[in-house]
Every structure is written in C-alpha cells, then in structure tokens.
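Participant: coords please:
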Amino acid sequence: FFTDIYQPVVGQSAIVDKQFLKLQEAIGKEIDYQEELLEVLGMMDTLFATFTEKRDTYLEENESNGLTE
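Facilitator: Residues are numbered from 1 along each chain as shown. Sure, this is the predicted structure:
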C-alpha cells in the first residue's frame, strides 16, 4: 500500500529511504508479535476447552452419583 503511494519518491532521498527501512522493520516486528499472540491465544483456547470438558465431566459424574454442588 505505502509503496504504491510513495513509489515516485523512493530512491530520490536517502532520508526517505531510511525512514521506509525503519517502517519496514517496525512492521516486521509487529507481524512477529501478532503471530506470537495468536499462538498464545490458541494455547489458551485449548486450555479453556480442556477445563470446560473436565468441569462438565465432573458435574455429570456428581449428578449421576446423586451429589450436587
């Protein structure tokens, strides 16, 4: 997107080129950060699903034994 807009000025100014490189690095770091966050969210979803299944199983076992919470 940015390269389409600023294509005419790329290569004309060392300052602009340097800023684009900084922007590219920042975007790369942000993408890595977002990917790590998605991995963590996936792990948390798995944990929550496991806890929910165990809780439901526990409640079903107690109800079948005549125990209630």
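
Participant: does residue 11 sit in a helix, a strand or a coil?
Facilitator: What DSSP: H, G, I helix; E, B strand; the rest coil gives for residue 11 is coil.

Participant: off-centre distance for the longest helix seen in the chain?
Facilitator: Of all segments of type helix in the chain, defined using DSSP state H, the longest is helix 14-64. Counting by C-alpha atoms, centre = their mean, to the nearest Å, helix 14-64 is centred 4 Å from the centre of its parent chain.

Participant: packing partners for it?
Facilitator: Where contact means 3 or more C-beta pairs under 8 Å, 6 or more residues apart in numbering; DSSP states H and E, helix 14-64 is packed against helix 2-6. Glycine gets a C-beta too; all of them are placed from N, C-alpha and C.

Participant: what do you get if the cut-off is 7 Å, keeping everything else the same?
Facilitator: The criterion is 3 or more C-beta pairs under 7 Å, 6 or more residues apart in numbering; DSSP states H and E, and there are no helices or strands that helix 14-64 contacts.

Participant: what residue is smack in the middle of this protein?
Facilitator: Geometric centre of the chain, nearest residue: residue 38, 2.6 Å, by C-alpha atoms, centre = their mean.

Participant: now that residue: how far from residue 50?
Facilitator: Using C-beta to C-beta, to the nearest Å, one gets 19 Å for the distance from residue 38 to residue 50.

Participant: what of residue 34?
Facilitator: From residue 34 to residue 50 the distance is 25 Å (C-beta to C-beta).

Participant: cool, residue 41 as well?
Facilitator: In terms of C-beta to C-beta, residue 41 sits 15 Å off from residue 50.

Participant: now swap in residue 19 and tell me
Facilitator: 47 Å.

Participant: how about residue 30?
Facilitator: In terms of C-beta to C-beta, residue 30 sits 31 Å off from residue 50.
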